[in-house]
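>>> Fold the following, please.
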Amino acid sequence: MVIWKGWGILAVVYIALCAGLLGGAAGGALVGEQAVPVTVGMGFVLGGALTTLHGWHLNIARPRSKAADWEAVERPRLVAAAARGALVVDNVQPRDRAEADAMIEDVVARGRTVIGRHGPHSVFWIPMEVIGLLAVAGGLLLAVYGGVMLVTD
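Model (predicted):
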């Protein structure tokens, strides 16, 4: 059974480490036991923010960058092949320059789609950045709940 793909396990590590350090160490030892829910919630927020940022970089920003880099190399190669009359796409050679340009645009569009698609970094098929956003929301709820409990005591 696949639990995580790529660097998706870091989502669990970031969130658990921040919640444990802020909640257990800082909350229990420095602030007091009554504030532990607030500090654990803030740990979830911090860990979720780290997870969201790292997941966005791994799953969205880097694949887009790779697709742009690929296009910068591939487009000139295809244009040069078309100028030489050696362009062949899917076993079809263009009859004129307009058809060659259309074929080049199609190859580049398909390549950008394949290379630039969402990255594989996830836990249980949930992308890292979504897990991070869920942790931030849950941490905010826990911190607010802990704050309300502190005020009512």
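
>>> Surely Arg110 forms part of a strand?
No - counting by DSSP: H, G, I helix; E, B strand; the rest coil, Arg110 is not part of a strand but helix.

>>> Tell me how far it lies from Arg75.
Distance, Arg110 to Arg75, by Cβ to Cβ, to the nearest Å: 13 Å. (Each C-beta comes from the backbone N, C-alpha and C, glycine too.)

>>> With Asp69 instead?
According to Cβ to Cβ, Asp69 and Arg75 sit 11 Å apart.

>>> Looking at these two, which one has more neighbours?
Each of Asp69 and Arg75 has its neighbours counted (other Cβ atoms under 10 Å); Arg75 has more, 15 against 11.

>>> ok, the closest residue to that one other than its chain neighbours - contacts?
Counting by Cβ to Cβ, 6 or more residues apart in numbering, Val108 is the residue found nearest to Arg75 once chain neighbours are left out, at 5.8 Å. Neighbouring residues of Val108 by Cβ atoms under 8 Å, 6 or more residues apart in numbering: 71, 74-75, 78.

>>> and if you look at Arg62?
Counting by Cβ under 8 Å, 6+ apart, Arg62 touches Gly119.
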